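[1] what follows is a predicted protein model with its sequence.
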Amino acid sequence: MRLDGKVAFITGTASGIGRAAALLFAGEGARIVAADISETNHETVEIIRSKGGEGTAVRADVSVDAEVARAVRTAEAAYGRLDIAFNNAGVMLADDADAVSTSEETIDKTLAVNLKGVLHGCKYAVPAMRRSGGGSIINTASFVASMGAATPQIAYTASKGAVLSLTRELAVLHARENIRVNALSPGPLRTELLMSYLDTEKKRERRLVHVPMGRFGEADEVAAAALFLASDESSYVTGANLMVDGGITAAYVTPD
Ligand code: NAD
């Protein structure tokens, strides 16, 4: 098994990429601490246990420093160590648009979850990983951090650009401590986050125009890439931004 004996802290595990990763990592032998604000988060851990895996659900708002601290402490208290932190929870708010019209409230909320949430995860994972002799941190960014968004979502795009920047800096800072820090940039996925934003067939078709593969990605396809970054197979990979995007960031013109 690819994560045998490892302990993984994952955020945003009630749905989408986070849930897919929690189930995949558990199936590869990791013990999971699954953190989310949603009431349905416990279902993820119930599925893990029903398949013979080990996991603990924690209610934590990643934008709140003390709640992330408590969640990471739970991992060490329950399983004795921390090897993997997948800082994945994120929001895309409905009224996020251009710089002129986006409300301060939307900017603050987006940065609090998408940027501070990732920083908090790193803040508490690094000392825990030092105690474990090293580890792998994976921060979920987005293709929009590299490309911009087709329809403006300035707070979201800015938050994801910041995730890329902090990932690079932390990768260099902790490289000699055997702590690897990488970003994962999904393309447009068929998850709740994007489908509730692209809420008509017309909007969905418009987004797919830019995707060379001509389809939305699945949460499982991103979880598979996260598994590579989490495992020792990526032992010489740090400071990278792994695109899992159906070719969108490679597209200058899209084939008919
Ligand atoms: P999702 O909405 O299915 O899952 C996000 C999860 O995060 C939910 O379970 C939600 O409850 C949780 N969450 C939200 N705010 C939280 C908070 N403050 N504290 C703790 N948990 C919180 O979305 P997803 O598509 O799986 O997105 C996961 C990550 O992937 C996000 O960072 C998102 O920005 C990123 N991403 C998604 C897409 C896409 O097309 N879906 C593309 C690029 C990047």
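    Arrived safely, thanks for sending.
[2] what segments of the stretch 51-200 of the chain are strands?
    Counting by DSSP state E, counting those that start in this stretch, residue ranges of the strands within the stretch 51-200 of the chain are 55-59, 84-87, 135-140, 179-186.
[3] as CSV, those strands with mean pLDDT, mean neighbour count and distance to the ligand would be great.
    Placement of C-beta: from N, CA and C, glycine included. Compiled in CSV, those are given as follows (pLDDT from 0 to 100; neighbours: other CB atoms under 10 Å; distance: least, CB to the nearest ligand atom, whole Å):
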stretch, mean pLDDT, mean neighbour count, distance to the ligand
strand 55-59, 98, 21, 9
strand 84-87, 99, 30, 8
strand 135-140, 99, 27, 4
strand 179-186, 99, 26, 4
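[4] which parts of the stretch 151-256 of the chain sit against the ligand?
    Residues of the stretch 151-256 of the chain found near the ligand (CB under 6 Å from any ligand atom) are P186, P188, L189, T191, E192, L193, L194, A219.
[5] which among those residues count as buried?
    For these, a burial check counting by 16 or more other CB atoms under 10 Å picks out P186, P188, L189, T191, L193, L194, A219.
[6] how about CSV for the residues you listed, with distance to A158 added?
    Below are these laid out as CSV (distance: CB to CB, whole Å):
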residue, distance to A158
P186, 17
P188, 18
L189, 20
T191, 21
L193, 17
L194, 18
A219, 24
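[7] export the strands of the stretch 51-200 of the chain to TSV and tack on distance to I10?
    Formatted as TSV, the strands of the stretch 51-200 of the chain follow (distance: least, CB to CB, whole Å):
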stretch	distance to I10
strand 55-59	9
strand 84-87	4
strand 135-140	9
strand 179-186	12
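[8] tell me where the model's unsure across the chain.
    The chain contains residues with pLDDT under 70 at 254-256.
[9] the closest residue to the ligand within the stretch 51-200 of the chain: neighbour count?
    Nearest to the ligand, among the residues of the stretch 51-200 of the chain, is G90, at 2.2 Å (CB to the nearest ligand atom). Look at G90: counted by other CB atoms under 10 Å, it has 25 neighbours.
[10] next: E105.
    By the criterion of other CB under 10 Å, E105 has 10 neighbours.
[11] ok, now how distant is it from M92?
    15 Å (CB to CB, to the nearest Å).
[12] now do the helices in the stretch 101-250 of the chain.
    104-110, 117-132, 144-147, 154-174, 192-195, 201-208, 219-230 (DSSP state H, counting those that start in this stretch).
[13] would you mark the buried spots in the last one?
    In other words, helix 219-230. Across helix 219-230, burial judged by 16+ other CB under 10 Å covers A219, E221, V222, A223, A225, A226, L227, F228, L229, A230.
[14] rewinding a little: distance to L24 for the helices of the stretch 101-250 of the chain - can I get that in TSV?
    Output for the helices of the stretch 101-250 of the chain, formatted as TSV (distance: least, CB to CB, whole Å):
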stretch	distance to L24
helix 104-110	27
helix 117-132	19
helix 144-147	24
helix 154-174	21
helix 192-195	18
helix 201-208	26
helix 219-230	5
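[15] and the residue of the stretch 51-200 of the chain closest to the ligand, what does it touch?
    G12, V113, N114, G117, T140, S159, L193 (CB atoms under 8 Å, 6 or more residues apart in numbering).
[16] who touches the last one in this structure?
    It stands for L193. L193 neighbours (CB under 8 Å, 6+ apart): G16, G90, V91, M92.
[17] tell me, how many residues neighbour the third one?
    Same thing as V91. Other residues near V91 come to 19 when the count uses other CB under 10 Å.
[18] repeat for the first one
    A count of nearby residues for G16, using other CB under 10 Å, gives 25.
[19] so what's the backbone phi/psi at the closest residue to it other than its chain neighbours?
    Setting aside the residues directly before and after it, G16 is nearest to T191 in space (CB to CB, 6 or more residues apart in numbering), at 3.7 Å. Here the main-chain torsion angles of T191 (degrees, to the nearest 10) amount to phi -120, psi 170.
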